[in-house]
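In: starting from these lines, generate the structure:
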Amino acid sequence: MKNIFFNQYQDFLTVHELSTIIFVSKKTIYRMIATKKVKSLKIGGTYLIKTSSVKSLIEEV
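Out: Purely as a prediction, here's the structure:
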């Protein structure tokens, strides 16, 4: 399945970008990070979420 939502983004997304793309709250994204449903890395106070992790999560549905 080719996902057109991620074509304009690079390898990482911020919490805000991801919440906008998949239409959920930022709080939900933070829960996904805490439960390790998506791979992320924290630089300073900013989480960067790996785009491939989100793609694989969506494809599971």
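In: tell me, how many residues neighbour residue 14?
Out: Number of residues near residue 14 (other C-beta atoms under 10 Å) recorded here: 16. (Each C-beta comes from the backbone N, C-alpha and C, glycine too.)
In: can you list the low-confidence ranges for the protein?
Out: Within the chain, the segments meeting pLDDT under 70 span 1-9.
In: all strands of this structure, in order?
Out: Using DSSP state E, the strands of the chain run over 12-14, 40-43, 46-50.
In: which of those sits most buried?
Out: strand 12-14 (a mean of 20; mean count of other C-beta atoms under 10 Å).
In: can you tell me, leaving aside adjacent residues, what's nearest to residue 47?
Out: Among residues not flanking residue 47 along the chain, residue 40 sits closest, at 4.9 Å (C-beta to C-beta, 6 or more residues apart in numbering).
In: right, and the one you found touches residue 51 too?
Out: No: Residue 40 is not in contact with residue 51 according to C-beta atoms under 8 Å; the separation is 10.9 Å.
In: including distance to residue 22, could the strands of the chain go into CSV?
Out: Shown next, in CSV, are those (distance: least, C-beta to C-beta, whole Å):
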stretch, distance to residue 22
strand 12-14, 10
strand 40-43, 14
strand 46-50, 11
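In: can you tell which of those is closest to residue 29?
Out: Comparison of those against residue 29 by C-beta to C-beta identifies strand 46-50 as nearest, at 7.4 Å.
In: just the CA atoms of the closest one, as CSV, please.
Out: What follows is strand 46-50, C-alpha atoms only, in CSV (Å, rounded to 0.1, in the frame of the first residue of the first chain):
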residue,chain,number,x,y,z
THR,A,46,11.7,17.3,21.1
TYR,A,47,10.6,13.8,20.1
LEU,A,48,11.3,12.7,16.5
ILE,A,49,9.2,9.8,15.3
LYS,A,50,10.6,7.5,12.6
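In: all set, thanks.
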